[in-house]
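J.: Sequence and computational prediction follow.
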Amino acid sequence: MSARAPAPAADPAAAGRGGLAGRLSRWLFEEAPLARVALLRLVVYAFVVVDVLHLHADGRHHGAADPVWYTPLVVGEVLHLPAATVLLAEGLRWGSALLALAAMSGRAPRLLGWATAVCWSWFQYVSFSYGKVDHDRADFLVALFLLPTAGLAHLSDARRSQAAGFALRAVQLMAIATYFLSAVAKVRFGGWEWVNSATIARAVVRRGAEWVQWTLEVPWTLHALQWVLFTAELTAPVIFLLSERWRRRAVGAWFAFHAATYAGIGIAFWPHLVMMLAFLPLEQYRDRLLERWRRRRGRSRAPAAPG
């Protein structure tokens, strides 16, 4: 009777791939369509142009400010960034716009993408070194630096890659961290009683539209809204546990909330809203729009039936 052959030794690498670290790695580097990255980059760079020329152009005034008001942020202290001058502020502003326009072409994605990221982030630094720092721009900054890592990607690119998947996943994580850390900051600086405070009521008094003034007569509505908002922010990471269909619905709910906030008190977190697009299958929406456009065009060109 022949001896049984010894069992093959377990492959440590294979065992690792099946563990928690392996599942996390697969989740972070899950392949994604390059067309989705190309579409998101197009929206991101278009937003950079609108942002520096219209939405958030205040940094250009800081070039003429007295340097005594300049308070370096941590990155400024590390890199020894000087106070802005008029030439520097305007150069960063227009440089961001021109580089973003060039990056929209899709050519030299890494060179133009990272140049845009550096220029835009420096312009934001100039804006925030003389006052408050807006928390809705952290995820946008991550997108500017990571989306170029996917390399060449065309709007109709049918390929998938792990680089595209990681860039999109990182943007998603930062977008959700913006919500979650906002809830943490409320507790950290305002205490747990923030949800019972008059923060939203104060915002309605200061800048509320006419159609929301009735809430001041029924204050429990604003009190309840603060609890809903805080709970939604604190539980925002749950979105990663949802199915694709419910994840899209969750994103739609956040967009609806931000639309109501803008209509009610005139506050909008524009760069953050752009980043929430990383959750959506942009290439599928594009295909649907193109299909509808072709159908309408075909109907308009169809010869009329004889009378």
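T.: Looks like it arrived, so ask away. Residues are numbered from 1 along each chain as shown.

J.: Select the longest helix from the protein.
T.: In the chain, with assignment by DSSP state H, the single longest helix is helix 162-190.

J.: what's the model's confidence in stretch 169-180, averaged?
T.: When the per-residue pLDDT values of stretch 169-180 are averaged, the result is 95.

J.: Give me the contacts around it.
T.: Contacts of stretch 169-180 with the rest of the structure, by Cβ atoms under 8 Å, 6 or more residues apart in numbering, involve 27-30, 40, 135-136, 138-139, 142-143, 146-147, 232-234, 236-237, 239-240, 272, 275-276, 278-279. (C-beta placed from N, C-alpha, C; glycine too.)

J.: Same check on stretch 258-268?
T.: Under the contact criterion Cβ under 8 Å, 6+ apart, stretch 258-268 has outside partners Ala203, Val204, Arg207, Gly208, Ala209, Trp211, Val212, Phe269, Leu273.

J.: Let's have those residues in JSON lines, adding neighbour count.
T.: Formatted as JSON lines, the entries for the contacts of stretch 258-268 read as follows, by neighbours: other Cβ atoms under 10 Å:
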{"residue": "Ala203", "neighbour count": "17"}
{"residue": "Val204", "neighbour count": "19"}
{"residue": "Arg207", "neighbour count": "11"}
{"residue": "Gly208", "neighbour count": "19"}
{"residue": "Ala209", "neighbour count": "12"}
{"residue": "Trp211", "neighbour count": "9"}
{"residue": "Val212", "neighbour count": "17"}
{"residue": "Phe269", "neighbour count": "20"}
{"residue": "Leu273", "neighbour count": "18"}
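
J.: Now do Val184, the pLDDT please.
T.: Per-residue confidence for Val184 comes out at a pLDDT of 93.

J.: In terms of helices and strands, where is the most centrally placed residue in the chain?
T.: Central residue check for the chain by Cα atoms, centre = their mean: the C-alpha nearest the mean position is that of Met275, 2.0 Å away. Taking DSSP states H and E as the criterion, Met275 maps to helix 270-275.

J.: and the helix or strand following that helix, which residues are buried?
T.: Moving toward the C-terminus from helix 270-275, the next helix or strand (DSSP H and E) is helix 282-301. Taking 16 or more other Cβ atoms under 10 Å as the basis for neighbour counts, the residues of helix 282-301 that come out buried are Leu282, Glu283, Arg286.
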